[in-house]
Each structure stands twice: as C-alpha cells, then as structure tokens.
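1. Structure here, sequence nowhere to be found:
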C-alpha cells in the first residue's frame, strides 16, 4: 500500500495544483501560524518558527506544544507540511540529480 498508491499520491500532487507550489506553501504556513497562535497562544513569530521547523523536520525542541490539542494539531500539520516542503524542494532535487548524472557521465 505505501509503496504503490500512497507514494504516487505524495509524489505527484504538486503538478496538479493551480498556481503551482508557492500559493500552497503560503497557505500551509498561514494554516500553521493560525493553528499554533490560537491553540497554543503563541506569538505570530513563535508560531511561524514552529511551522517552519516542523515542515523542515529539523525540530530544535525550543518550541513545543504544551496542550494535548496542540500536540494533536502538530501531528496532523506535520503530515501536510512535510509533503508541501518536499514539493518546494523538488526543483532543487531535479537540478542536483541532473548535475550528478552529468558528472558521472564525464568521469566514465
């Protein structure tokens, strides 16, 4: 299941988004800021920091949800934002992949 339809869904959704990945990224960040500022009573800067850190999966640990609702919110938000972050990084992956393939061909 995870290697078939689930992988296809998570790797292909960004091609079907109207306007591309940028509006989706902005909306996802706004969702995280809204969620964390309301549920966890964080400032907008703290909520943005937690949203970005969750999306990049860095997880410094300096900001964590204190309530059960906040923890549940982070769990669901992470599922969404990690896929969006993957979509943002897709052009960089394509570039590095083609660069590495060209270097491998040159060295043969």
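-> Perfect, I can see it now. Owing to the predicted nature of the structure, the values given are computational and were not obtained by experimental measurement.

2. use CA for all of it now, contacts and neighbours both
-> Will do.

3. Please name every helix or strand in contact with the longest helix belonging to the chain.
-> Determined from DSSP state H, the single longest helix within the chain is helix 68-107. Judged by 3 or more C-alpha pairs under 8 Å, 6 or more residues apart in numbering; DSSP states H and E, the packing partners of helix 68-107 are helix 21-39, helix 44-56.

4. Nearest to residue 90 among those would be which one?
-> Minimum separation from residue 90 across the helices and strands packed on helix 68-107 (C-alpha to C-alpha) falls at helix 21-39, 10.0 Å.

5. Next, the angle helix 68-107 makes with that closest one.
-> 150 degrees (axes from the mean of the first three to the mean of the last three C-alpha atoms, to 10 degrees).

6. mean confidence for helix 21-39?
-> Helix 21-39 shows a mean pLDDT of 91.

7. orientation of it relative to helix 44-56 in degrees?
-> Going by the same axes, to 10 degrees, helix 21-39 makes 120 degrees with helix 44-56.

8. Please enumerate residues in contact with helix 21-39?
-> 14, 17, 42-44, 47-48, 51-52, 69-70, 73, 77, 80-81, 84-85, 87-88 (C-alpha atoms under 8 Å, 6 or more residues apart in numbering).
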